[in-house]
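> Sequence plus the predicted model coming up.
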Amino acid sequence: MTALLYDIICIFPVLLLAVVSAAPFIGLPEENVTYYPLAALLAICCFCIKHLKGRYKAVLPGITLALGMGVIVLKDAEERAAFIQENIWALWCLGIVAAAFLLGMLIAYDLKVRLISSAAVFGLLIYFMVAGPQPDRVQTAPALFLILLSVIDVIQRYWKKSGYTDTKGHLISVSPFALLLALIVFLIPASEKPYDWNIVKTVAGRIYDGIKYTARFFHGKDEDYGSVMGFSDSGPSFGNLFEGEKELMKINTDRQTGPGIYLAGRVLDDFNGREWNRTYDEDHEDRLMDSLETVSSIMQYDEDYNFDYYKRVQLYITYNEFNTAYFLAPSKMLELVPENEKEAYIQHGFEMCGERKLGYGTKYLLTYIRTNERNEGFTTYADGKSLPIEKDIWDQVCYAFHYDKTPGCSYDDYMAYTERMFQYYLPQTEISERAEAYMEELLDGAEGDMEKLKLIEEALSGFEYTLTPGDLPEEIDNEAEFLDRLLFETGEGYCTYYATAFVIMARSIGVPARFVQGFRVPMNSSQSVSVMSSMAHAWPEAYIKGVGWIAFEPTPRMAFDSAWQFMNRESTTAFEDRSHFDEGKDGEQQEDIAEPEEEKKAVDLRVIFIPLGLIVLFLLVFVLLDRMIQSSRYNKMDTQQKLLVNCRYGIRLLRSMGIRISQGETLQEFALRAYNELYEAGEENNTEADPYEGTCLGFIERYEQLLYSDKKAGEEALPAVMEDISGLFGLIRIRKGRIRTLIIKLGGMRI
Amino acid sequence: MKRNRIIYAILWILSLIGISFFGGTVSYGIFYALTFLPVILFLYLIFVWIFFHIYQQIGNKRLIAGRMEPFYFTLMNEYHFGFCSIRVHFFSSFSDISGLDDDTEYELLPGTGIKKNTQLVCKYRGEYEVGIKNVEITDFLRLFKLRYHNKETQRVYVRPDIVDLSEIKSLDLSQTLFKNSFVNPIEPDILVRKYEAGDDIRMINWKASARSGELLVRKMTAQEREGVSILLGSKRISEEMADYLPLENKMLELAIALAYFFVRKNITVHTYYLDGELQEANTEGIDSFEGYYERMSALAFKTDSDEEKMLVSACGQKDIFTRRSAFLILHEWTAAAAETVKMLRENNVFVMVCIVNDDNIEINEDTNNGVKMIRIGTEEDLKEADL
C-alpha cells in the first residue's frame, strides 16, 4: 500500500500536467468529453500493471484494450480508417499517459531525476510567467505540488532524526498538507493583471492622512494659506503671486458636472479700486433663491425641454489640507448637508460659513443647478425672457423641490430677494469716458443683457494672462482708474484683475454683478477629483432678473466648454406597429412550415453484445492461458516443491473459510484451532500417530516438517496432501456454496 | 531552520515582486502558495499537538534519592499523518534520565510509536515532577516549531537516601555511651564480652584479650538507655525548589545516615526537629528504623521552623544532656547554636555540629573540647565527608 500511495503522489502530478498540457496539441474534437476519462482509465491501467501481482495486472488493461478493439471492429471497413483518423487523439492520449507514467516513475524513484524535473518545471513556470502564455490553474497547481514534494524530500534526506525516517513513508504521511496547498492554489482565482496594490495604497493613504490630521491638530492654522493665489479668508489681493500646490480638498461626483465646476467661497460686492469687500451680510437663503429663480424661469420658458437649460448635480466634498471658514459650493446651490451635524453653516449674503473653523476631514454633500450658459440657446433664453416669473410657477417649483414649506422661500421672499440683488450688487458705478467709449463700441448692436455680457467676456478673454502684472500703483484708488489701467495700459493680469474688470463693466451697463472667489476645478472622466491650491480662482457673476446669477469667465484661457447640445425639437417619436411584422409580403398570413419526418433507425445490438462477448472471451482466454502456464510450472517441480505449493494452497483454502494463522501462532496451534473450528468437538479422531487422521488438516503437519525439518518428505506425502486439499474443497462447498467453490477453483494455485 | 526561514522570506518577497509586475496563474499561484504555506504548516503543527501522545511509566512512584529506577516512555502517533520531528525535553533540575539525549528528534509515521526504556535518578528528596517536561515539534519544511509543556507529567515522591556510613572518624564510639563511674576499667572484674563482627576495634580490651587468648571487647553498660541526640534544623530557606531541595535533602540524608549508623550498633537515636512545636523521632533498633525512616522522609520543612527556636526548645529537654553525644544538623551557625553547644559541653556531652551549607563558613573547630564542627555541601557525598 505504501508503494502504491507513494507512486500516486509522485506520478499523478506528472500525469495531470502532461495530459492537460498536451490536450490543445493532439487534435481533440470540439466539445470532446472523453479525453480526460480515457486518460484516467489509461493511468489506472498503468498503476494496475505496476502494482497488481501476478495475472491480475493484465485484467484491466486487457479489458480496456478489448473495448478499444471492439469499437474499431464494429465500424464498417470503409469507415474504419476515417474513424481512426478522426480519433487519433486517443492514441496520442495513450502515448502521453504511458510516457508521463514512465517519467513519473523515474521521478518517484530517482532523486536526481526528481530534482532536475522540479527545477525544470519551476524554470518553465517562470518562463511562462514572464513571456507567456499563462498556464491554466490546473497546470500550475500540480506543478507547484511536484516542486513542494521535492523540497520536502530534500529536507527529509538531510534531516538527522531517529525513529521512522523512511522517505517514502514520510512523503506519504505529509502529502495531504502539500495537497491542501495545491488545492488552494487551484481554487483561488488569479487575476490576469498585475496587482495594483490599491488596498495597500488606500491603507497607506489613510495612515498618512491620519498622521497629517494629528499633526495639524497640534500645529493649528497653517499660515501658508494667506498667500495662496487668489484666495484667502482675508480677501483677494493684487500684485505678484506665487503658486503653491497642495491638495486642499477632494470632490466625488456623479459625472454630471461637465468639464469643470466653480466652487464659490467669498462673494464680494464692494470695490474701492484696490480691494474687494463684502457689505451684503444678510442671512437669507440667497443661493437657494437664485437656484429656484433659474429653475422657475426655465420652467416658465420651456418646460418640456428644461433639461436643455439646466441639470441637477450632486457633489461630495472632503476637505484635506484646508483651513477655512467657508463651505465652498457652486453658486446655484440647492442643498448642502454636512456629514458632521456640528458643522452647520451660517449665511452671510451668498457666503456660507461654518459655525466654527472648517478643516481637515470636513465632509459635505451638496446638490446644485448646473446651467447651460455656454449654449447659444441659453443666451437666447436669457435675453428673450421678458415676462417675470409667475407665482404659480414659483410655487410649483418650490413644491417640486420640497421647499414649499421652507421659510424664506415664498414668492414674496423672492420678490424681496430681487430687490436686494439690485440694491447690493448694482451700486453706482462710474467709469472714465474712454472706458465708456470702449464699451459703446464693444457692445454696439447687442440688445439683451446676456448678449452684452458675453461680448464683455469675450473682449476681456482676449487680453494677456500673467501671474506677475506688477504691483497696483498707489494712485489707483477707484474702479474707473483700475479699469482704465487694465484696458488701456497693461492689458494683462490674472483672474482677479479680469473678474474685477468684468464686474465694473457689467455694472456700468446697469447689470448687477459681483466678484466671486473660490476654485476653478477642471473635472476629468474620473468620479473623484482633487482640488489643488493652484486652482484658486476669481470670476465675475452677473444677475439677470427673472433668470438668476450667471457666471462668466473673462480670464484668458480659463473658460470651460461646458455647453451641452439642445435636444432636436423636430425628431419623431412614433413607433411602428410590431404586429404587422408577422404578415407576409401581401399581408397574407404565412403557414407554419412542417418539419420533415426523420427516418427511424433500429438499435444495433451488436454494439452491446460484441464488446461484452469480447470481454468474456478475453477473460476466458486469460484464465485458460494462466492455468496452462501454472500447470506447466507445476509439472516441472519436484516433489518437495509440489508439496510446498499444495500445503500453501491448503492454508489459502482455510483462509477462504475464515480460518487464518494468527500472529505468533505456531502451525501446530493453528492446526488445533482449525480442527476445533471445522470439526465438532468431542469427535475422537485423534490418534497419537496422526491426530488429524480422517480430517483434511494433516497437510499442516507436513507443511511444518517441510519448513523446519531437514528430513525430506516421501513420495507418499503428496497424494495425502492432495487428498486433504480435495477434502477442504468439500468443506468449502458445504460452508460457502458451489459458486464460491468454483471461483476458488478457477483461481487455482499460486505458483 | 533559520536558513529555511530566510529562503522562505526571500521567496515570498520575490513572489510579491512577481505579482506586482506579472499577472496570471503562475505569479499569483506562487504567491498564494507561499502566503498560505505558513497557515498550512501551522495547521500541521496543531494536528501534531492534538494527536501526539506521551505515555510515561516509572517503575515505582516512591523513589529514593540517588537510586536508579526503571523509566519507560512511549511517543505515540495516533493519527493518520506523519509527525516529522518530535523532540522531548526532560526535567533536569532534580532528576536525570540516563542514556537519552535532549537533542534527538524523532519521526513517527501514522499509527507508530517509539518506546524507550531507560533509568531515572532523582537527586533530591521531595515531591516534584520528573520525566518529559516539554515537547518541541517542527513542521516538515523546518520553518516553524512549537514548544509546549507536557500535559501529563509524572509526579513522584522521593525519599532521602540511606547512606551507609562505615565509620564516623570524629567520633569515639565510647563517647556515645554513659560511662558508669562505678566501673573501673582497670579493675580485674571489668565487664567484657567476646568480640563480635562489627564491633568497634577501639572497644577491644587488649589486656583482657591477651589474658584470655581471645578477643574481648568492653561491654557497653546501659547503652540501651543512653543513645545519641540529633538536633535537626527544619527551616525552609527559600521558596525556590532549586534552593531548598538540595539543602533539605542533604540535611535529612545526614540525619538518617547518622541514625542508621547508630541503630546498627544498637544505639538509640533521638531526633529532635521543629514542626510547629518540638517533635521527637526515636529509633531504638534496626526493627524500628523503617518507621523512623518513613517519618523522617515525610518531615516537612517550613519557613517558620526557625533553627534557633528549635535549639532553644531542644535545650528545654533534659534528656539531651544525659546522653553522651549530640549531633546538630543545621544550615547556619548562629548564636543560639553556639549557646546550645556550650550548654551541652557543660554537661559533658560530645557535640558534632554539621553545617549543611554551600557557602564557605568559618568553622570554629574545637575537637579538644569535645566539639567537632564540619561543613557539608549540599551536593557532597556523605561517605567522603569529613565526618
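Right, received. Where do you want to start?

> Name the residues of the stretch 101-250 of chain B found near chain A, please.
Residues of the stretch 101-250 of chain B lying close to chain A by CB under 8 Å from any CB of the partner chain are B:104, B:105, B:106, B:107, B:108, B:109, B:110, B:112, B:114, B:140, B:141, B:142. Every residue, glycine included, has its C-beta placed from N, CA and C.

> From those residues, list just the buried residues.
Among those, the ones that count as buried by 16 or more other CB atoms under 10 Å in any protein chain shown are B:105, B:106, B:107, B:108, B:109, B:110, B:112, B:114, B:140, B:141, B:142.

> of all the residues you listed, which two lie farthest apart?
B:114 and B:141 (22.5 Å; CB to CB).

> Of the buried ones among the residues of the stretch 101-250 of chain B next to chain A, which belong to strands?
Counting by DSSP state E, the part of these found in strands is B:105, B:106, B:107, B:108, B:114.

> Mind putting the residues you listed into CSV with distance to residue B:266 and pLDDT?
Listed next are these as CSV, based on distance: CB to CB, whole Å; pLDDT from 0 to 100:
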residue, distance to residue B:266, pLDDT
B:105, 57, 87
B:106, 55, 88
B:107, 60, 90
B:108, 58, 88
B:114, 52, 87
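
> where does stretch A:72-84 sit relative to the chain's centre, distance-wise?
Stretch A:72-84 sits 49 Å away from the centroid of its parent chain (CA atoms, centre = their mean, to the nearest Å).

> and which of the ones in strands among the buried ones among the residues of the stretch 101-250 of chain B next to chain A is nearest to residue B:83?
For those, the nearest to residue B:83 is residue B:108 (4.3 Å; CB to CB).

> ok, now which ones touch that closest one?
In this structure, residue B:108 makes contact with A:163, A:164, B:52, B:75, B:76, B:77, B:82, B:83, B:86, B:114, judged by CB atoms under 8 Å, 6 or more residues apart in numbering or on different chains.

> likewise residue A:310?
Going by CB under 8 Å, 6+ apart, residue A:310 touches A:294, A:295, A:298, A:369, A:370, A:371, A:372.

> again, 6 Å this time
A:298, A:369, A:371 (CB atoms under 6 Å, 6 or more residues apart in numbering or on different chains).

> And it, how close does it get to residue A:394?
Distance, residue A:310 to residue A:394, by CB to CB, to the nearest Å: 16 Å.

> can you check residue B:230 too?
From residue B:230 across to residue A:394, the span is 118 Å (CB to CB).

> what about the closest residue to chain B within the stretch 51-200 of chain A, neighbour count?
Nearest residue of the stretch 51-200 of chain A to chain B (CB to the nearest CB) works out as residue A:173 at 2.7 Å. Residue A:173 has 27 neighbours, counted by other CB atoms under 10 Å in any protein chain shown.

> Quick check, pLDDT for it.
Looking at residue A:173, its pLDDT is 88.

> check which helix or strand covers it.
If you go by DSSP states H and E, residue A:173 is part of helix A:167-187.

> Give me the buried positions along that helix.
Buried, per 16+ other CB under 10 Å, within helix A:167-187: A:168-179, A:181-182, A:184-186.

> Give me the helices and strands touching that helix, please.
In terms of contacts (3 or more CB pairs under 6 Å, 6 or more residues apart in numbering or on different chains; DSSP states H and E), helix A:167-187 is packed against helix A:2-22, helix A:137-157, helix B:25-51.

> ok, which stretches of the stretch 101-250 of chain B are helices?
For the stretch 101-250 of chain B, the helices defined by DSSP state H, counting those that start in this stretch occupy B:206-212, B:241-264.

> ok, and what's touching the last one?
Residues outside helix B:241-264 that contact it (CB under 6 Å, 6+ apart) are B:65, B:93-94, B:124-126, B:160-163, B:165, B:228, B:230, B:232, B:236-238, B:269, B:283, B:286, B:289, B:296, B:301, B:327, B:329, B:354, B:356, B:378, B:382.

> ok, now stretch A:513-528?
Outside stretch A:513-528, the residues touching it (CB under 6 Å, 6+ apart) are A:231, A:236, A:252-253, A:257, A:260-269, A:276, A:328, A:425, A:499, A:503, A:506-507, A:529, A:531, A:535-542.

> Which of the helices of the stretch 101-250 of chain B comes out lowest on mean pLDDT?
helix B:206-212 (a mean of 84).

> Output the helix holding residue A:173 as PDB - backbone C-alpha positions only.
Taking C-alpha atoms only, helix A:167-187 is exported to PDB below (Å, rounded to 0.1, in the frame of the first residue of the first chain):
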ATOM      1  CA  THR A 167      11.500   8.800   2.900                       C
ATOM      2  CA  LYS A 168       8.500   7.200   1.200                       C
ATOM      3  CA  GLY A 169       6.500   6.900   4.400                       C
ATOM      4  CA  HIS A 170       7.400  10.500   5.300                       C
ATOM      5  CA  LEU A 171       6.300  11.900   1.900                       C
ATOM      6  CA  ILE A 172       3.100   9.900   2.000                       C
ATOM      7  CA  SER A 173       2.200  11.000   5.500                       C
ATOM      8  CA  VAL A 174       2.700  14.700   4.900                       C
ATOM      9  CA  SER A 175       1.400  14.800   1.300                       C
ATOM     10  CA  PRO A 176      -2.100  15.700   2.400                       C
ATOM     11  CA  PHE A 177      -0.900  19.100   3.600                       C
ATOM     12  CA  ALA A 178       1.000  19.600   0.300                       C
ATOM     13  CA  LEU A 179      -2.100  18.600  -1.500                       C
ATOM     14  CA  LEU A 180      -4.100  21.100   0.500                       C
ATOM     15  CA  LEU A 181      -1.800  23.800  -0.500                       C
ATOM     16  CA  ALA A 182      -2.000  22.800  -4.200                       C
ATOM     17  CA  LEU A 183      -5.800  22.800  -3.800                       C
ATOM     18  CA  ILE A 184      -5.700  26.300  -2.500                       C
ATOM     19  CA  VAL A 185      -3.600  27.400  -5.500                       C
ATOM     20  CA  PHE A 186      -6.100  25.700  -7.800                       C
ATOM     21  CA  LEU A 187      -9.200  27.100  -6.200                       C
END
